[in-house]
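Asks: Attaching a predicted model along with its sequence, questions to come.
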Amino acid sequence: MSVDNQWPLWEVFIQSKTGLPYKHSGSVHAPDGEMALQNARDTYTRRMEGTSIWVVPTDAIVASSPDDSGSFFDPSDDKAYRHPTFYVMPEGAKHI
Amino acid sequence: MNTKKALFEYCIRIGDNSMILGHRLSELCSRGPILEEDIAITNISLDLFGQCRNILTYAGEVEGKGRNEDDLAYHRPEHEFRSVLLTEQPNGHFGTTMARQMLFSVFHYYFYKELSKSNDVHLAAFAAKSLKETMYHMRHSSEWIIRLGDGTEESHEKMQEGLNKMWSYRHELFEKDAVDEHLIELGIAVDTAKFKDAYEKQLEEIISRATLEIPEEGWRATGGRIGHHSEYMGHILAVFQSLARAYPDAKW
Amino acid sequence: MEDVERLEAFQAKIDREEKIEPKDWMPAEYRKHLIRQISQHAHSEVIGMQPEGNWITRAPSLRAKVVLLAKIQDEAGHGLYLYCAAETLGISREELLEQLHSGKAKYSSIFNYPTLNWADMGAVGWLVDGAAIVNQVSLQRTSFGPYSRGMVRICKEESFHQRQGYEIMATMAKGTPEQKRMAQEALDRIWWPALGMFGPHDKDSPNTGNAMKWKIKRETNDELRQKFIDKTVQQAEVIGLTVPDPDMKWNEDKGQYDHGEIDWEEFMNVVRGKGPCNAQRLEHHKKAHDEGRWVRDAATAYAKKQQSKKQVA
């Protein structure tokens, strides 16, 4: 083989504590899932940052495009009724 | 047999193995086959040096002559080291490095598992912590042996060659002498004979998954226990100890 | 949208201090500049492993050894983060390494100097990492999202690097006469190349204009260099070492140090490949790369086999 081969790219998501959501930490190169897990562990948890890891092939991720951002996100701008502060509570009511 | 002396001896056997293998892996820093693997190998080296420091410090305490980890690592002559010859062998190519690592890590896994039940509280706690690290070393090296064995034609050949080279060094890990016997009786040391079969079986499994052949038995390495090392050892220590010995009065 | 409009929208976004993300539209020049800068940064981290790696096997205590190993390993990690950040711009790691090996891509010239005694481990951590940190702290606010996030992580992890270097220098400076000699000698050798790490003077730096406008760079070479000098000279005094610059003196009016001129001819020579270790560093990297090829190919072949087994089953 003359072309160099640095393995495909994977995205790494780490859960820092049980119960918390997984957060994107970065990427690694790896030939397969097991190796991607090991590489992610060695690269991104050197300082005990995690309890659990997800790895996903980068090309399996579907991302919204910047041009969509208007149609995707602006419409929810005016739906204040989705937020709890929208509602008027009677004075004196507790624990609500 | 003096228990204190035996325990000291037992500790430096563990510590020296970790130190010398840690050293061999540290030589590979910036020489890995890919950046990710460079990081992985350094992690294993760091784990081994961590184990080495813990157990050499304890050895010094047991001995009671005021020697610390550095006195033991830097100011002992070659014939007082107790590492097995397997740990001293050169890195060779990546397949050889992984074969050496796998033969050692699988042993270390069973060894620490047993040692974590030791009557010696320090050894038991040390082993429990080291066991977790070792499980990862074992997984890492086995997965590589499987990939290299069952990868390309070239990697298959190289992996087989690396395994053949390292294969007969494994027996030394199971040697037993009066120090072991004495401490086994006290429930302090591990009777390695108990897991020799499981060890061999696990190697066979990995080798078969890697589509490799079990190598023929060659020269059964021995000698580390009495300070008769391979020729490589003198060179390892010449480098390792050079600076500390050139300036014995200096603090670093 | 017309390019002119896009360019205006792009600049407006940057002026609002919003980050540019990989899928956003960006001028070709911005992309090119970033790829060059990030890859140069990544290569520097990776090549920078070698001068320190030169002392791992000889570290004088077990503590010093594990600290050094961990630090060099961090540098590998930082190279990795940065390669990944560059990759989001549409260039592969294969191409990036090819550019390094062909000499098309550069790395920081500081790593083309040799490490000759143990105090160099101190001087490298204290001065080289110190200079890098000044630069990287500033780059945390860079306009490209992945680069900025990489810098935040790197700065967090590197906070111990400079301290470990300074600790080595301080220990040796108050150690035996021989140790003190090594410490001063390391400072003498590494001081000027460390100042060179910030690059040419602003007036001689052709890429500064756009890089500042696009907020890729947030402070100029000379500003950053001055910041570094001002904090480092005091640190040298505290441990009783002397910075090798007879023109170095405190300027009360400016509230900063005046300093002598860097030997730019030597600097440019090393950049052009004529430093003491240029050939050695590249050869070392190429050798590991070439010797690792069969390993990388084997893992790929194995993954393919497993994939086709899965498909059959």
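Replies: Arrived safely, thanks for sending. Numbers count the residues shown, from 1 in each chain, chains lettered A, B, ... in the order given.
Asks: Summarise which helices and strands the helix or strand containing C:Met212 is packed against.
Replies: Using DSSP states H and E, C:Met212 maps to helix C:208-213. The contact analysis (3 or more Cβ pairs under 8 Å, 6 or more residues apart in numbering or on different chains; DSSP states H and E) places helix C:208-213 against helix C:28-47. Heads up, the C-betas are built off the backbone N, CA and C, glycines and all.
Asks: and the next element down the chain from the helix it packs on?
Replies: Following helix C:28-47 in sequence order, the next helix or strand is helix C:49-53 (DSSP H and E).
Asks: what about the residue in the stretch 151-300 of chain C that chain A sits nearest to, how many neighbours?
Replies: Going by Cβ to the nearest Cβ, chain A is nearest to C:Ala299 of the stretch 151-300 of chain C, at 3.7 Å. The burial count assigned to C:Ala299 is 26, neighbours taken as other Cβ atoms under 10 Å in any protein chain shown.
Asks: which residues touch it?
Replies: A:Trp7, A:Pro31, A:Asp32, A:Met35, B:Arg147, B:Leu148, B:Gly151 (Cβ atoms under 8 Å, 6 or more residues apart in numbering or on different chains).
Asks: Could you tell me the model confidence score at it?
Replies: Reported pLDDT at C:Ala299 in the predicted model: 98.
Asks: Helix or strand: which one has it?
Replies: Using DSSP H and E, C:Ala299 maps to helix C:293-312.
Asks: Restricting to C-alpha, output that helix in CSV.
Replies: The C-alpha trace of helix C:293-312 is given here as CSV (Å, rounded to 0.1, in the frame of the first residue of the first chain):
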residue,chain,number,x,y,z
ARG,C,293,2.6,1.5,8.5
TRP,C,294,2.2,-2.3,8.6
VAL,C,295,0.6,-2.0,12.0
ARG,C,296,-2.0,0.6,10.8
ASP,C,297,-2.7,-1.4,7.7
ALA,C,298,-3.1,-4.6,9.7
ALA,C,299,-5.7,-3.0,11.9
THR,C,300,-7.6,-1.7,8.9
ALA,C,301,-7.5,-5.1,7.2
TYR,C,302,-8.8,-6.8,10.4
ALA,C,303,-11.7,-4.2,10.7
LYS,C,304,-12.7,-4.9,7.0
LYS,C,305,-12.7,-8.7,7.6
GLN,C,306,-14.9,-8.3,10.7
GLN,C,307,-17.2,-6.0,8.8
SER,C,308,-17.7,-8.5,6.0
LYS,C,309,-18.2,-11.4,8.5
LYS,C,310,-20.9,-9.3,10.0
GLN,C,311,-22.6,-8.7,6.7
VAL,C,312,-22.5,-12.4,5.8
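Asks: chain center to it, what's the gap?
Replies: Offset of helix C:293-312 from its chain centre (Cα atoms, centre = their mean, to the nearest Å): 35 Å.
Asks: in that helix, what counts as buried?
Replies: For helix C:293-312, burial by neighbour count (16 or more other Cβ atoms under 10 Å in any protein chain shown) applies to C:Arg293, C:Trp294, C:Val295, C:Arg296, C:Asp297, C:Ala298, C:Ala299, C:Thr300, C:Ala301, C:Tyr302, C:Ala303, C:Gln306.
Asks: what's the answer for stretch A:36-56, then?
Replies: Here stretch A:36-56 shows A:36-46, A:50, A:53-55 as buried, counting by 16+ other Cβ under 10 Å.
Asks: Max pairwise distance over the residues you listed: which two?
Replies: Using Cβ to Cβ, these reach their maximum pairwise distance at A:Arg46 and A:Trp54, which is 18.0 Å.
Asks: picking up where we left off before, okay, and which of the buried residues of stretch A:36-56 map to strands?
Replies: Counting by DSSP state E, these place A:Ile53, A:Trp54, A:Val55 in strands.
Asks: Can you name the residues that contact the second one?
Replies: What that stands for is A:Trp54. A:Val12, A:Phe13, A:Ile14, A:Tyr22.
Asks: looking at these, which has the most residues close by?
Replies: Of the contacts of A:Trp54, with other Cβ under 10 Å as the count, A:Val12 tops at 26 neighbours.
Asks: partner strands of the helix or strand harbouring that one, parallel or antiparallel?
Replies: In the assignment (DSSP H and E), A:Val12 maps to strand A:9-15. Sheet pairing for strand A:9-15, assigned by DSSP bridges, gives strand A:23-29 (antiparallel), strand A:52-57 (antiparallel).
Asks: so which of the contacts of A:Trp54 would you say is closest to chain C?
Replies: Closest to chain C, out of all of those and judged by Cβ to the nearest Cβ, is A:Val12, at 9.7 Å.
Asks: do you know how far that closest one is from A:His24?
Replies: Noted for A:Val12: a distance of 7 Å to A:His24, by Cβ to Cβ, to the nearest Å.
Asks: next one: C:Gln50
Replies: 31 Å.
Asks: quick one: secondary structure of the residue nearest to C:Gln40 when sequence neighbours are not counted?
Replies: Counting by Cβ to Cβ, 6 or more residues apart in numbering or on different chains, the nearest residue to C:Gln40 once its immediate chain neighbours are dropped is C:Lys106, at 5.4 Å. What DSSP: H, G, I helix; E, B strand; the rest coil gives for C:Lys106 is coil.
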